[in-house]
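Colleague: I'd like to go over a predicted model; first the sequence, then the structure.
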Amino acid sequence: MSADSTPLQSFAVINEAVQTLGNGGLVAFPTETVYGLGADAKNPEAINKIFSAKGRPSNHPLIVHLAAPDQLDQAQVDWVPVLAPWVRDLSEDALKLVNTFWPGPLTLVFRKDKSVLNELTGGQDTVAIRSPAHPIAQELLRQFKGGVVAPSANRFGKVSPTSAADVRSEFEDIPGLLILDGGDCEVGIESTIIDLSSGDHAILLRPGLITPSEIFAKTGIRVHLPGESNASEQDATLTRVSGSLRAHYAPTTPLRMYASGRVLDALSEFPDIKSCVAVAVWDSDSSLSEGGHPSVHFEEVIVPSDSAIFASRLYRSLRDLDQQGWDLILFPEPPVGEEWDGVRDRLQRACFGSGPSSSSQANS
Ligand code: TXA
Ligand code: MG
């Protein structure tokens, strides 16, 4: 949403939100990616409240959200004073990335300043930071005048929220939770995460809307995939990114992907009769073009064949379908191509964590 369409009512509520954060409370707020559950990044008790509200293991680090520098002239925006209190060794490449993509859906991992709380970094020597592009998030951060840690506002392992109502339903047991309503999130999947802490090369920890090709095209910086780095580095990477667990972002209903034209193959994993199956179909395909199945009722749900639009609606679709009582949900495998890596990543983890058949492997 644009700055002019920000609901006025939210600005009145922002004062209350700033006070709540200052008093060590939690505030849910919109970002352009997904809704976050925020707390004062300098308050250990407030940070602990996030872990218990989410049911998230305390060694999974959080992202610090910072306001963009207050300057009218974009060309003169200086991020150095914004970042200096949080990071050690601000490299030239880091500044190039920040100047090009912030505010926006890009999180950068730096070696941390010693003042950064261990509670938020999971005891690591690094800190993840981003400046979100949503006007309500920016207003909140500007008025709070400090860093706000914010994981996605969902229970650990579950589908991330892309509307205020989603957050409310995730945290029904916290009736007083203050939720700033900024409408539906535009990007719809979490920020791209790039690790700059090794000093020599940038490593992609989580794919998102901003891809390595776009980064290369706009900055000349080459982003390495975790597989391209050596094994020990990769192990370290995998243990510290909770989004890298195989099961994540998951609905309760079993969810699987099907290869093009192979819907019936996807059923073979479910020998019990599945009577009602929702099948997502590309808007570019006319229909399932399957012969059908004697005991299964399929219903088609159209999904966008544009990767950015698909991403913006993915979690909305998963939540809605999860509420509709299907026995199984099938999604088409996303096409090959970097612009699909973010949604492919989320769909794979959602499949793995979904439904009763994989509950023994789910992480929460
Ligand atoms: O789009 C987003 O990034 C959203 C919105 C709310 O900003 N936030 C989000 O937070 O997705 P969360 O906590 O759900 O995911 C943060 C990811 C986790 O996978 C975590 O492991 C990783 O960031 N992370 C945080 N600090 C890190 C660090 N120091 N090193 C490596 N990974 C880190
Ligand atoms: Mg999350």
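Modeller: It's in. Ligands and ions are numbered 1, 2, ... in the order given.
Colleague: and stretch 19-26, what's buried?
Modeller: 20, 21, 25, 26 (16 or more other C-beta atoms under 10 Å). Bear in mind the C-beta positions are built from the backbone N, C-alpha and C, glycine included.
Colleague: how about it as CSV, C-alpha atoms only?
Modeller: Only the C-alpha atoms of stretch 19-26 are listed here, as CSV (Å, rounded to 0.1, in the frame of the first residue of the first chain):
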residue,chain,number,x,y,z
GLN,A,19,4.3,3.3,24.5
THR,A,20,3.6,-0.4,24.6
LEU,A,21,7.0,-1.1,23.1
GLY,A,22,8.6,1.3,25.5
ASN,A,23,6.9,-0.5,28.4
GLY,A,24,8.3,-3.9,27.3
GLY,A,25,5.1,-5.1,25.6
LEU,A,26,4.6,-6.7,22.2
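Colleague: all further residue positions should be reported with the first residue as 54.
Modeller: I'll keep to 54 as the first residue from here, and by that count the last item is stretch 72-79.
Colleague: quick one on the thing from earlier: just the ones in helices from the buried residues of stretch 72-79, please.
Modeller: Within the buried residues of stretch 72-79, residues falling in helices by DSSP state H are 73, 74.
Colleague: let me know the closest of the buried residues of stretch 72-79 to ligand 1.
Modeller: Nearest to ligand 1, judged by C-beta to the nearest ligand atom, of the buried residues of stretch 72-79 is residue 79 at 12.9 Å.
Colleague: quick one: that closest one from residue 332, how far?
Modeller: To residue 332, residue 79 is 38 Å away according to C-beta to C-beta, to the nearest Å.
Colleague: contacting residues for the closest residue to residue 230 other than its chain neighbours?
Modeller: Spatial nearest neighbour of residue 230, chain neighbours left out: residue 224 (5.2 Å); criterion: C-beta to C-beta, 6 or more residues apart in numbering. Residue 224 is in contact with 81, 90, 106, 206, 230, counting by C-beta atoms under 8 Å, 6 or more residues apart in numbering.
Colleague: report the contact partners of the fourth one.
Modeller: In this case it means residue 206. For residue 206, the contact set (C-beta under 8 Å, 6+ apart) comprises 81, 87, 88, 89, 90, 213, 214, 219, 220, 223, 224.
Colleague: ok, how many other residues are close to the fourth one?
Modeller: A total of 30 residues lie near residue 89 under the criterion other C-beta atoms under 10 Å.
Colleague: grab the most central residue of this structure for me.
Modeller: Nearest to the centroid of the C-alpha atoms of the chain, with distances taken as C-alpha atoms, centre = their mean, sits residue 243, at 2.2 Å.
Colleague: confidence score at it?
Modeller: Per-residue pLDDT puts residue 243 at 98.
Colleague: likewise for the one 3 residues further on?
Modeller: What the model reports for residue 246 is a pLDDT of 98.
Colleague: which strand residues bridge it?
Modeller: residue 160, residue 259 (DSSP bridges).
Colleague: which residues of the protein lie near ligand 1?
Modeller: 84, 86-87, 89, 113-116, 160, 162, 174, 177, 179-181, 185, 203-205, 243-244, 246, 258, 293-296 (C-beta under 6 Å from any ligand atom).
Colleague: touching, residue 212 and residue 369? I think so.
Modeller: No - the pair residue 212 and residue 369 fails to qualify as a contact (C-beta atoms under 8 Å) at a distance of 9.3 Å.
Colleague: those two: who's more crowded?
Modeller: Neighbour tally, residue 212 and residue 369, criterion other C-beta under 10 Å: the higher count belongs to residue 212, 27 against 17.
Colleague: look up how far residue 362 lies from that one.
Modeller: 18 Å.
Colleague: now do residue 280
Modeller: Computed as C-beta to C-beta, the residue 280 to residue 362 distance reads 28 Å.
Colleague: so between the two, which is more surrounded?
Modeller: Taking other C-beta under 10 Å, residue 280 and residue 362 do not tie; residue 362 has more neighbours (13 against 8).
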